[in-house]
Each structure stands twice: as C-alpha cells, then as structure tokens.
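K.L.:
I would like the atomic coordinates for the input below:
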Amino acid sequence: MSLATGFERLDRRWIFLITALLVLVPLLWPLNLPLTPSVPVQDYHRTIEALPPGSLVLVSCDFDPASRPELEPMARSTLLHLFRRKCRVVVVCLFQGGARFVDGLVEDVARSRHLTYGVDYANLGYKAGDEAVMVLMGQSVVNTFPRDQAGRDAAGLPIMRGVRNYSSFALLVSLSAGYPGTKEYVQQVQGRFHIPIIAGVTAVTAPTLYPYLQTGQLQGLLGGMAGAAEYEDLRYERGMASRGMDAQSLAHVFIALCIVLGNVAYWENRRRAPR
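P.N.:
Okay, here's the model as predicted:
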C-alpha cells in the first residue's frame, strides 16, 4: 500500500488522539527537553539576582485568567525568585478581572515559603484608572492604594512604613497581558521616575517591547511561555512553563510531520494520476 493510499484511508481521529497524547504526557511526566535562554531572559534573571537581600520590589500583575497559561508561570517563578533573594514584595493590579486571581496566586507562593503578610509581602489589590494610577504612585503609593486587597489599612502594614513613591523601590516588575501594562509603565513611569523595570508579557506583545530593551528602558524581558520556560531553566526548576513547552514542542513536531507527509502523499497521487 502506497503512502498516498494509507493517508486516504487513515481515520483523522487517530491524528487527534496522537496529538492529545503528545500534549498530555509531557504535562504529567516532563521530558526536560533542552532550552537555550535568550539574552533578554538572562538579563531578567540577572537583574533579580543583583538585588541586595531586603530590597523592596514592586510587582504589577496586570493580567487575568484569560492570559493565565502564559503569565502565571512567569509570575509564580518571579515571586519565588524574589522571595528566595530575601526581597520584600508589594503587589498591585491594574486589570479589573485579575485581582482575585492574582491574590490567590500570591498567597499560594507566600505559603510555600512560610512568609508573613504585611512584613515580607503585601497585596494592595486592584485600582481603576490605568495610566493615572501609575502616575499617582509616583506621588504616593499609600494615597493611591489606601487599603490592601483584604481592606486593611495599607499605611499600617509594616512593609509599607517609609514607602513614599517609586523611589522607595529597588525594582519594578511588570507582568502584563496588554493594556494597561508594560508599555504604559515605560512611557509613564520609567522616564519620569527612573526606576529600573523588567517585564514578563504574552508572546504576541513581546516583539513590540524589544525597542525598549535596546534603549535600556527595560532591563530584561520574558516573552510568553517560551520566555517563562527559559527563566525556569536558568533557575534549575521544571515548572508549568517547562512542561507546557515540552507539550507544545512535541505537538508542533507532529503537526509539521503530518503536513510534510500530507504533501508527499498529494504529489504521489498527482504523479500517478493519468494524463
């Protein structure tokens, strides 16, 4: 039986089943496929590594469940990295649909490190206003976020004592799925207040931010699940992004193979067709 005949008789459900298995198996049992971290990812990692213990870091988690597959792995890994560097973290959110989801993520990571709320970290929650909120934080963070995610007085939290504006933070980490996000932080905050910024964004957004890397307005960048997986590789951990990239890579190889074999079968049929 020729290749063309075999493809014609092949039930397409077998292709769906193989694709499903290629996606599912690496998610359950990671294959640890090799990764080569790019320069922007290395810079992202290096910037956090350079922070002195006890540094205060502002993390803006501007994403929601719709962008969770790409942004959650890098957010989780970044928070773990900061906490292991003994940094104190203040989290804010400018995405309306992301506040509760981000709160659960932060609490989950903090519990795994046995951290104390209000001392080692704080979540100031969501604030409407987009770029206006970014600019207002440059005047006073506590006045912009008078209460945290749970309704507690932000000024009364030990971690917020002495915090004025961006000058109180050693670094701003922007984890962004769109607007408002990294681009607006660079335009509204970095040029005015000169705070170092690193960013993690969706894969579709990353190419638009490379000019900011070249000008030095961004110190490092994670782009999509691939960037998150490379970051995990630098940290010698196999998290959600690494598993997702294993699954994605196998599925892509199989789909590409199907395309090649399909074209071979087409040309074989065409060659055998009577003229």
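K.L.:
use CA for all of it now, contacts and neighbours both
P.N.:
Fine.
K.L.:
which stretches in the stretch 101-250 of the chain count as helices?
P.N.:
Using DSSP state H, counting those that start in this stretch, the helices of the stretch 101-250 of the chain run over 131-137, 141-144, 182-185, 191-193, 210-214, 224-234, 240-272.
K.L.:
looking at those helices, which is buried most?
P.N.:
helix 224-234 (a mean of 26; mean count of other CA atoms under 10 Å).
K.L.:
got the angle for that one vs helix 240-272?
P.N.:
Helix 224-234 and helix 240-272 are oriented at 130 degrees to each other (axes from the mean of the first three to the mean of the last three CA atoms, to 10 degrees).
K.L.:
quick one: distance of helix 224-234 to the chain centre.
P.N.:
Its chain's average C-alpha position is 9 Å from that of helix 224-234, according to CA atoms, centre = their mean, to the nearest Å.
K.L.:
list the helices and strands that helix packs on?
P.N.:
helix 39-49, helix 68-84, strand 220-223, helix 240-272 (3 or more CA pairs under 8 Å, 6 or more residues apart in numbering; DSSP states H and E).
K.L.:
show the subsequent helix or strand relative to the one helix or strand in the chain whose mean pLDDT sits lowest.
P.N.:
For the chain, counting by mean pLDDT, DSSP states H and E, helix 3-9 ranks last in confidence among helices and strands (a mean of 66). Remark: after helix 3-9, the chain's next helix or strand is helix 12-28, criterion DSSP states H and E.
K.L.:
correct me, but residue 124 touches residue 143?
P.N.:
No - if you go by CA atoms under 8 Å, residue 124 and residue 143 don't touch, sitting 11.4 Å apart.
K.L.:
circling back to that earlier point, just send the helices of the stretch 101-250 of the chain back as TSV, with mean pLDDT and distance to residue 169 too.
P.N.:
Listed next are these as TSV, based on pLDDT from 0 to 100; distance: least, CA to CA, whole Å:
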stretch	mean pLDDT	distance to residue 169
helix 131-137	95	11
helix 141-144	96	11
helix 182-185	96	14
helix 191-193	89	11
helix 210-214	95	20
helix 224-234	89	23
helix 240-272	77	28
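K.L.:
nearest to residue 117, of the ones you listed?
P.N.:
helix 141-144 (16.7 Å; CA to CA).
K.L.:
name the residues that touch that closest one?
P.N.:
The contact list for helix 141-144 (CA atoms under 8 Å, 6 or more residues apart in numbering) reads 133, 136, 137, 154, 155, 160, 163, 164, 165, 166.
K.L.:
out of these, which are buried?
P.N.:
Among the contacts of helix 141-144, those scoring as buried are 136, 137, 154, 155, 160, 163, 164, 165, 166 (criterion: 16 or more other CA atoms under 10 Å).
K.L.:
now these as CSV including distance to residue 218?
P.N.:
As requested, the buried ones among the contacts of helix 141-144 are arranged in CSV below (distance: CA to CA, whole Å):
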residue, distance to residue 218
136, 21
137, 19
154, 29
155, 30
160, 26
163, 23
164, 23
165, 19
166, 16
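K.L.:
which of these sits closest to residue 43?
P.N.:
Using CA to CA, these come closest to residue 43 at residue 166, 21.4 Å.
K.L.:
got the contact list for the closest one?
P.N.:
137, 138, 141, 193, 195.
K.L.:
before we move on, the earlier item: now, among the contacts of helix 141-144, which is nearest to residue 62?
P.N.:
Distances from residue 62 to those, taken by CA to CA, are shortest for residue 133, at 12.6 Å.
K.L.:
I'd assumed residue 127 was in contact with that closest one.
P.N.:
Yes - with contacts counted by CA under 8 Å, residue 133 reaches residue 127, the gap being 7.1 Å.
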